[in-house]
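1. Just to be clear, the model below is a prediction. Sequence and coordinates:
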Amino acid sequence: MSDFANEFTRRAILAGIGAGALTLPFATNAAFAKGLGLSGILGKASDSALDKLSQPGAYYNDKSIRIGLPLVGKSGGLGGLLGGVMSGADKLGLLDGFTRTINDAAGAAAGEAKPIFRDSIDQLSFNDVPGLVKEDTGGTQYLRRTSNDRLHGKLEPLVDSALGDLGAHTQLERLNAKYSWLQAAGIDRAKLNRTVTDQGLDGIFQYMGVEEKAFRANPLGKASDIFKGIF
């Protein structure tokens, strides 16, 4: 295809995004976005992110996503990562083995989560096509805004299973019995599951954003010349 034809086609698509996409019906809007490869890019981004995070030590070795134990605030809610006494205990290595275990559990859950993310991506309405196209991580941000609770609900049982398989729940019981300050923090099985899921999702979305940005740079491989200017 000539440079003129490529440029003409690219401009036509941009015009559709800038004007027509805003008025497209719900179903048509989704089809339009999928036609541009947005769902495909998100699917690849999630697969790639989950593959990386499921590798041994992935969560623990990356300090930007490493999962730590929560503290229970005055209101009874979970707040923040290791701090105060628990931070000191972690530095002394008292909780290091347990911290590694819960990070490994998050990685194991990530390794089983591809169908969950693919299903959520397939159900996206893509009702903000212009915004999705303009932002390097627009798809990841949109998925989190619209599907975070659903993904959390689907991921938590995988986390619970992984924590159980790796002995984290048993470890927690022993640690609570051994350290009164840890027991006082009020961390039980349910809260452990929730915080590992919360922080695990943070890591997945962070990695997804990086992968989405990379795929947008070349979304369709050798056939991407027309779309490079869009993404």
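-> Cool, got the structure.
2. Poorly predicted segments of the protein, please.
-> Counting by pLDDT under 70, the chain shows low-confidence ranges at 1-36, 70-94, 128-131, 219-231.
3. where exactly do the helices run in it?
-> 3-15, 21-23, 26-35, 38-53, 58-61, 84-91, 96-111, 114-122, 129-134, 138-165, 168-178, 180-184, 189-217 (DSSP state H).
4. buried set for the fifth one?
-> Neighbour-count burial for helix 58-61, counted by 16 or more other Cβ atoms under 10 Å, picks out Ala58, Tyr59, Tyr60. Where you see a C-beta, it was placed from the backbone N, CA and C, and this is true even at glycine.
5. cool, the longest one as well?
-> Of the residues in helix 189-217, those scored as buried under the neighbour-count criterion (16+ other Cβ under 10 Å) are 191-201, 203-213, 215-216.
6. quick one, that helix and helix 114-122 angle?
-> Here helix 189-217 runs at an angle of 60 degrees relative to helix 114-122 (axes from the mean of the first three to the mean of the last three Cα atoms, to 10 degrees).
7. name the helices or strands packed onto helix 189-217?
-> helix 38-53, strand 78-79, helix 96-111, helix 138-165, helix 168-178 (3 or more Cβ pairs under 8 Å, 6 or more residues apart in numbering; DSSP states H and E).
8. for these, which one sits closest to Asp119?
-> Ranking the helices and strands packed on helix 189-217 by proximity to Asp119 (Cβ to Cβ) places helix 138-165 first, at 8.2 Å.
9. tell me which residues of the closest one are tucked away?
-> In helix 138-165, counting by 16+ other Cβ under 10 Å, buried: 138-144, 146-147, 151, 154-156, 158-160, 162-163.
10. Stretch 45-56 now?
-> Buried-residue list, stretch 45-56, by 16+ other Cβ under 10 Å: Ala45, Ser46, Asp47, Ser48, Ala49, Leu50, Lys52, Leu53, Ser54.
11. out of the helices and strands packed on helix 189-217, which comes closest to Gly68?
-> Judged by Cβ to Cβ, the one of the helices and strands packed on helix 189-217 that comes nearest to Gly68 is helix 96-111, at 6.4 Å.
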